[in-house]
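Q: any chance you could fold what I've pasted below:
(4 chains)
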Amino acid sequence: MIDKRVATLAEAVADVADGATVLVGGFGNSGVPVELVHALLEQGARDLTVVTNNAGSGETDIAALIRERRVRRIICSYPRSAGSVWFEQFWRAGEIELELVPQGTLSERMRAAGAGLGGFFTPTGADSLLAEGKEVRVLDGRRQVFERPLPADVALIKAHRADRWGNLVYRTAARNFGPTMATAAALTVVQVREFVELGELDPEAVVTPGIFVDRVVEVAP
Amino acid sequence: MIDKRVATLAEAVADVADGATVLVGGFGNSGVPVELVHALLEQGARDLTVVTNNAGSGETDIAALIRERRVRRIICSYPRSAGSVWFEQFWRAGEIELELVPQGTLSERMRAAGAGLGGFFTPTGADSLLAEGKEVRVLDGRRQVFERPLPADVALIKAHRADRWGNLVYRTAARNFGPTMATAAALTVVQVREFVELGELDPEAVVTPGIFVDRVVEVAP
Amino acid sequence: MIRPLSPTDVARRVARDIPDGSYVNLGIGLPTLVADVVGPDKEIVYHSENGILGMGPAPTPGEEDPELINAGKQPVTLLPGGSFFHHTDAFVMMRGGHLDVSVLGAFQVSETGDLANWATDEAALPPAVGGAMDLAVGAKRVLVVTTHTTRDGRPKLLAHCTYPLTAAAVVDRVYTDLAVLDVGPEGFVVREVAPGVTPDALQAVTGARLTFPSDLAVVPPG
Amino acid sequence: MIRPLSPTDVARRVARDIPDGSYVNLGIGLPTLVADVVGPDKEIVYHSENGILGMGPAPTPGEEDPELINAGKQPVTLLPGGSFFHHTDAFVMMRGGHLDVSVLGAFQVSETGDLANWATDEAALPPAVGGAMDLAVGAKRVLVVTTHTTRDGRPKLLAHCTYPLTAAAVVDRVYTDLAVLDVGPEGFVVREVAPGVTPDALQAVTGARLTFPSDLAVVPPG
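A: I've put the predicted structure just below:
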């Protein structure tokens, strides 16, 4: 019997270890697994490497993790926003490491991890500072930089509906990094708005098949 | 006004050039764009490189293209089947070239072409004859072989429904190579069972967004 | 007298160059104005890097869906025919050459088409790149919209970029408040100028040698 | 007297090693028998390389859907909870280590876990590989089902494979009609034997040195 549903947010993140690499879904405020991140804050894991597009904003979710000094290193594409004050303050003080990755490369590196590939060459950023120290090769007539997979211990993502097998559907642009992150982590934890019965999700329209999902927790909107 | 619908199969493949590289969808008999391949046969293009999982069976579609000596070279994972007599006969006679590619690598190479990547390292086949002459590198503790993108001039695929923007949904396991091939060709031509009005396809369930599609033609089942 | 183009005028000029039926990504800032001025005679499919094709206009106030946002994090709508997909596929569309047009802002553009639009030499702010590099390398045509000079009058069109590059040799055409310029083997070729702009005046505020062909035109009124 | 296991017996033995809740790919041929003998107490999700998770049993005759086929091109069904996806994603599942178990056939297996199951040395047939190499490198556990020897009595378990390799050092366990063997740092370790099989008899039909631990068991009846 497969049943990936867990009853509480605390249970969903209970075993995230200190030093873990954690993927956190979302783009801007869309699709951020806010409640799961808050559960991780409660849980207390520290020395984390967080992989996410933005570096948090205001006082919630990733910004709160940073404020509480749980994040040693952040890997993201766009850490700067109106409300990214905690990240900026710690970054200026040299108290948080930043690895800046072009957004498409960030997503593709996680995909490569999920797909069992050893890396890929991409033209993105090949002529930029972000290629420094990396192998660059001319392929198909253009300079391309070698990028490595970005696997993780845990992924925290948000979806719309799930069944007990962990099949997921998302809603509008909240899908963003979720499906890729689900493939890239050893443990994928998902918060959804609603559980549905097995067989209720259209098999043609499942976006993340349950094979990529370990735990789902319901967080009513 | 975007309207990718064309009225006839002949129109759909009218400009496929001699010497073209043509991706043909399908796995076994599921999802093969039989009518499009027959239209290509009628159209007369020759000296083709055909990329497809199997090498045709019996006297229809790819087997017919081979029989009529239109195929100079075939790139596939599994050319051998009970009915692959034309391929086998020409292969023995040295009259058709075969590039054998592991199935996942075949699909991933087309994806790399569609994704604008310069190539990738994969563990698949790294210790096999199929890695001969290719760069092999140890990454993440395992031997991995460098594989290059496989772009094409034309993709012929089969889907279930399409709208005038070329958005596609598929049906059961007939989806197979279609979504990936659609991204990898300069010209993507799709046969569908049914046209629907714009807006009828659920935006959450579109499998191939129309950006990857150039022409759709209706072939009633 | 020089009459610089307004941002809306520039957007209108860009819109004229976008063919009916195009797949287009509009960068954050000035480029987003383009969608507001494309005529109703054209059907354009707008792409957003966070997984949307077929974005429609901003929602009616009160009708916003907080999850349905564009790359600039503003609420948007979806047109019939639109679709949602994940981030990795959104970048397949960008990097893979599937977008017809990418319209980007710029800090600097070089005469060889190099683009600098992600970082200045200011060290006080953490660096941020977003999808800029993918947009610059992937689209079939890369159009840049920018003011011709910085606020303090320094040229943005240069022989060589001094800011960190986003991508090398990618820009096809530049639209400024003063001119429309193609980037080609000869460097910057001025196609159109704003009303009252003379070749000498334009050259004076440009950091690269300009070529003025004999059929130089004035930017037509939007 | 040696009583070799029937193919169904072997399948039953494999099935016992597949934990409830596993994601499993069954290779073409002998491995497919496993699905028929897994007990109803286990919920197993079967994967097919052509884009299916949650395959159910063969359809009732007359109810076949010609598009809904498995990797062996036979008609199948989909269970509630099943899903369809494209080929590239199907291989992400395989290559990316998401399958718990891959059950494969073999021409040869070496004592270091090398697998040869795609090509013989026969040059009369065109080579064909399919998804064999992806299945061999990707799953968390790679189980091999094979007869202990070829039809003409030559061993298939060898010190080194003589046929072209599918993948090196990937096989975890081998199930034959005569024994169940683990592949480890010591080479082949025999865990269980078919009724009547002695260590000497098994060693005599094996092309690699076998280790027999003291707790060697007889394969229990299915």
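
Q: going by C-alpha atoms from here, please, whenever you check contacts or count neighbours.
A: Noted.

Q: show me the strands in the chain, by range?
A: Since no chain was named, I'll use chain A. A:5-6, A:21-24, A:48-51, A:71-76, A:97-100, A:119-122, A:136-139, A:142-147, A:152-162, A:168-169, A:185-195, A:215-218 (DSSP state E).

Q: let me rephrase: I mean chain C.
A: Along chain C, the stretches classed as strands by DSSP E are C:23-26, C:45-48, C:52-56, C:77-84, C:101-104, C:108-110, C:115-116, C:141-145, C:157-158, C:173-175, C:179-184, C:187-193, C:210-211, C:217-218.

Q: in CSV: these, plus distance to chain D.
A: Below are these laid out as CSV (distance: least, C-alpha to the nearest C-alpha, whole Å):
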stretch, distance to chain D
strand C:23-26, 24
strand C:45-48, 23
strand C:52-56, 20
strand C:77-84, 16
strand C:101-104, 28
strand C:108-110, 38
strand C:115-116, 34
strand C:141-145, 29
strand C:157-158, 43
strand C:173-175, 37
strand C:179-184, 38
strand C:187-193, 42
strand C:210-211, 48
strand C:217-218, 50
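
Q: need the winner for burial among those strands.
A: strand C:108-110 (a mean of 30; mean count of other C-alpha atoms under 10 Å in any protein chain shown).

Q: what is that one packed up against?
A: When contacts are defined as 3 or more C-alpha pairs under 8 Å, 6 or more residues apart in numbering or on different chains; DSSP states H and E, strand C:108-110 sits against strand C:115-116, strand C:157-158.

Q: and that strand, how far from the chain's centre?
A: 13 Å (C-alpha atoms, centre = their mean, to the nearest Å).

Q: just to revisit the earlier point, can you tell which of the strands of chain A is closest to chain D?
A: With C-alpha to the nearest C-alpha, the closest approach to chain D among the strands of chain A belongs to strand A:185-195: 9.3 Å.

Q: just give me the neighbour total for A:G141.
A: Neighbour count for A:G141, taken as other C-alpha atoms under 10 Å in any protein chain shown: 8.

Q: ditto for C:P7
A: Number of residues near C:P7 (other C-alpha under 10 Å) recorded here: 18.

Q: next, work out how far apart it and C:Q108 are.
A: From C:P7 over to C:Q108 the distance is 18 Å, taken as C-alpha to C-alpha, to the nearest Å.

Q: quick check: closest non-adjacent residue to A:R5.
A: A:V216 (4.8 Å; C-alpha to C-alpha, 6 or more residues apart in numbering or on different chains).

Q: right, and that neighbour touches A:T8 too?
A: No: if you go by C-alpha atoms under 8 Å, A:V216 and A:T8 don't touch, sitting 9.5 Å apart.

Q: so between these two, which is more surrounded?
A: Neighbours per residue, other C-alpha under 10 Å: of A:V216 and A:T8, the larger number sits with A:V216, 32 against 15.

Q: quick one: contacts for that one?
A: A:4-6, A:12, A:162, A:166, A:189-192 (C-alpha atoms under 8 Å, 6 or more residues apart in numbering or on different chains).

Q: farthest-apart pair in these, please.
A: Greatest spacing in the contacts of A:V216, by C-alpha to C-alpha: A:A12 and A:A162 (14.6 Å).

Q: so between those two, which is more surrounded?
A: Comparing A:A12 with A:A162 by neighbour count (other C-alpha under 10 Å), the higher total belongs to A:A162, at 32 against 24.

Q: what's the closest of the strands of chain A to C:E49?
A: With C-alpha to C-alpha as the criterion, C:E49 lies closest to strand A:71-76 of those, at 15.1 Å.

Q: for residue 99, give me its contacts.
A: All of this is about chain A. The neighbours of A:E99, taking C-alpha under 8 Å, 6+ apart as the test, are A:73-76.

Q: hmm, I had chain C in mind actually
A: Contacts of C:L99 by C-alpha under 8 Å, 6+ apart are B:211, C:22-25, C:93, C:138-140.

Q: how far away is it from chain A?
A: C:L99 sits 15 Å away from chain A, going by C-alpha to the nearest C-alpha, to the nearest Å.

Q: who's in contact with the nearest residue to A:A184 once chain neighbours are set aside?
A: In space, and not counting its chain neighbours, A:A184 is closest to A:G114: 4.1 Å by C-alpha to C-alpha, 6+ apart. Shown in contact with A:G114 (C-alpha under 8 Å, 6+ apart): A:151, A:180-181, A:183-185, D:92-93, D:96-97.

Q: the same query, at a cut-off of 10 Å, please.
A: A:G114 sits next to A:108, A:149-152, A:180-186, A:212, D:89, D:92-93, D:95-98 when contact means C-alpha atoms under 10 Å, 6 or more residues apart in numbering or on different chains.

Q: need the helices for the chain, in chain order.
A: By default, I'm working from chain A. Secondary structure of chain A (DSSP state H): helices at A:9-12, A:34-43, A:61-67, A:85-92, A:103-115, A:178-184.

Q: the chain in question should be chain C.
A: In chain C, the segments counted as helices under DSSP H are C:7-16, C:33-37, C:87-95, C:132-138, C:199-204.

Q: mind listing what's buried in the fourth one?
A: With burial defined by 16 or more other C-alpha atoms under 10 Å in any protein chain shown, the residues of helix C:132-138 counted as buried are C:132-138.

Q: by mean pLDDT, flag the weakest helix or strand of chain A.
A: The helix or strand of chain A with the poorest confidence is helix A:85-92; it has a mean of 94 (mean pLDDT, DSSP states H and E).

Q: low-confidence ranges, chain C, go.
A: Across chain C, residues meeting the criterion (pLDDT under 70) sit at C:222.

Q: most remote residue from it's center?
A: Taking C-alpha atoms, centre = their mean, the residue of chain C most remote from its mean C-alpha position is C:G62, at 30.0 Å.

Q: equivalent analysis for chain A, please.
A: Here the centre of chain A is the reference, and by C-alpha atoms, centre = their mean the most remote residue is A:G141, at 33.2 Å.

Q: chain A against chain D: which residues are in contact?
A: Residues of chain A lying near chain D by C-alpha under 10 Å from any C-alpha of the partner chain: A:1-3, A:111-117, A:163-167, A:183-184, A:186, A:197-213.

Q: can you flag the buried ones in the residues you listed?
A: Judged by 16+ other C-alpha under 10 Å, buried ones among the residues of chain A next to chain D: A:111-117, A:163-167, A:183-184, A:186, A:198-199, A:201, A:203-213.

Q: so which residues on chain A come close to chain B?
A: Counting by C-alpha under 10 Å from any C-alpha, chain A sits next to chain B at A:108, A:112, A:115-124, A:137-149, A:169-173, A:175, A:202-207.
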